[in-house]
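Enquirer: okay, predicted coordinates and the sequence, questions at the end:
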Amino acid sequence: MTSPNRVAIIPARGGSKRIPRKNIREFCGKPMIAWSIEAARASGCFDRVIVSTDDAKIADVAKRHGAEVPFMRPAELSDDYAGTLPVIRHAVDWLQQNGDPIDYACCIYATAPFISPEDLERGWELIQQDGASYAFSVTSYAFPIQRAIRITGSGRVAMFSPEHFNTRSQDLEEAWHDAGQFYWGTAGAWLEEHAIFSEGAVPVKLPRHRVQDIDTPEDWTRAEWMFKAMTSAKVDE
């Protein structure tokens, strides 16, 4: 039996605004995107690791760290409004149109330095076992979302769910959110742009201490602290 054809697709456009050039900015000793490329290659899950970008400098850095850049992403998929689904659909479609019969594609974000080869392997196992459209990384909220508060227009405080003011935390359902690291998907799901957050997806649960969105300079600084702390802890083990 022929094994499924699997590709890792790392989207990395050049126009990031809040942290300029963040996909190739140095993060703990190497360009940020290198961490994702190396995890994908080390996982042994993929026949190819490619980067979808509109930027020549990002393409050059990606190639130097072992990824392929078989096409340049069109401008209409490279602005601030380009979503993950159409970007990955474009990459899967391009590969299939150019002779690569993709069965599964895994979108790996370029700013995910905490991603591990083992988690990618776990996602691959889950999407096969469950026959799901997607398997993607999630983590739990540190605090019950049912007790979340908001600041009102008058500068006062109100609960989103006031009926839970007296509910004990341990009696509330645990809530989860997208960890923003990777999304395994079948080629069909990507090409038809099926919704990821749906019954068609299975979660790959990650501990909170290995999850950090990196959208702002504050996020970046926090991620560097976390990374150095985890690296130090491994050395001391």
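Expert: That came in fine, so what should we check first?

Enquirer: do you know how far residue 123 is from residue 63?
Expert: From residue 123 across to residue 63, the span is 25 Å (Cβ to Cβ, to the nearest Å). From N, CA and C alone the C-beta is placed, and that goes for glycine too.

Enquirer: in terms of neighbours, single out the busier of these two.
Expert: Neighbours were counted for residue 123 and for residue 63 using other Cβ atoms under 10 Å; residue 123 has more, 24 against 13.

Enquirer: what kind of secondary structure is the more buried one in?
Expert: Secondary structure state of residue 123, per DSSP: H, G, I helix; E, B strand; the rest coil, is helix.

Enquirer: how about it, what does it touch?
Expert: Going by Cβ atoms under 8 Å, 6 or more residues apart in numbering, residue 123 touches 106, 135, 136, 137, 182, 184, 204.

Enquirer: compare these and tell me which is most surrounded.
Expert: Highest neighbour count within those, by other Cβ under 10 Å: residue 184, with 30 neighbours.

Enquirer: any idea what it is bridged to?
Expert: Taking DSSP bridges, one obtains residue 106, residue 135 as the residues bridged to residue 184.

Enquirer: so how far is residue 126 from it?
Expert: Using Cβ to Cβ, we find residue 184 at a distance of 8 Å from residue 126.

Enquirer: what sits in contact with each of those two?
Expert: Jointly contacting residue 184 and residue 126 under the rule Cβ under 8 Å, 6+ apart are residue 135.

Enquirer: buried set for the helix-or-strand element of the chain with minimal mean pLDDT?
Expert: Using mean pLDDT, DSSP states H and E, the weakest-scoring helix or strand in the chain turns out to be helix 217-236, at a mean of 86. Buried residues in helix 217-236, defined by neighbour count with 16 or more other Cβ atoms under 10 Å: 219, 220, 223, 226, 227.

Enquirer: C-alpha coordinates for it, PDB please?
Expert: Only the C-alpha atoms of helix 217-236 are listed here, as PDB (Å, rounded to 0.1, in the frame of the first residue of the first chain):
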ATOM      1  CA  PRO A 217       6.700  43.400  20.500                       C
ATOM      2  CA  GLU A 218       5.500  42.500  24.000                       C
ATOM      3  CA  ASP A 219       4.600  39.000  22.800                       C
ATOM      4  CA  TRP A 220       8.000  38.600  21.300                       C
ATOM      5  CA  THR A 221       9.800  39.600  24.500                       C
ATOM      6  CA  ARG A 222       7.600  37.200  26.500                       C
ATOM      7  CA  ALA A 223       8.300  34.400  24.000                       C
ATOM      8  CA  GLU A 224      12.100  34.900  24.300                       C
ATOM      9  CA  TRP A 225      11.900  34.700  28.100                       C
ATOM     10  CA  MET A 226       9.800  31.500  27.900                       C
ATOM     11  CA  PHE A 227      12.200  29.900  25.400                       C
ATOM     12  CA  LYS A 228      15.300  30.700  27.400                       C
ATOM     13  CA  ALA A 229      13.600  29.400  30.600                       C
ATOM     14  CA  MET A 230      12.600  26.100  28.900                       C
ATOM     15  CA  THR A 231      16.100  25.700  27.300                       C
ATOM     16  CA  SER A 232      17.700  26.300  30.700                       C
ATOM     17  CA  ALA A 233      15.400  23.800  32.300                       C
ATOM     18  CA  LYS A 234      16.400  21.100  29.800                       C
ATOM     19  CA  VAL A 235      20.100  21.800  30.400                       C
ATOM     20  CA  ASP A 236      19.600  21.300  34.100                       C
END
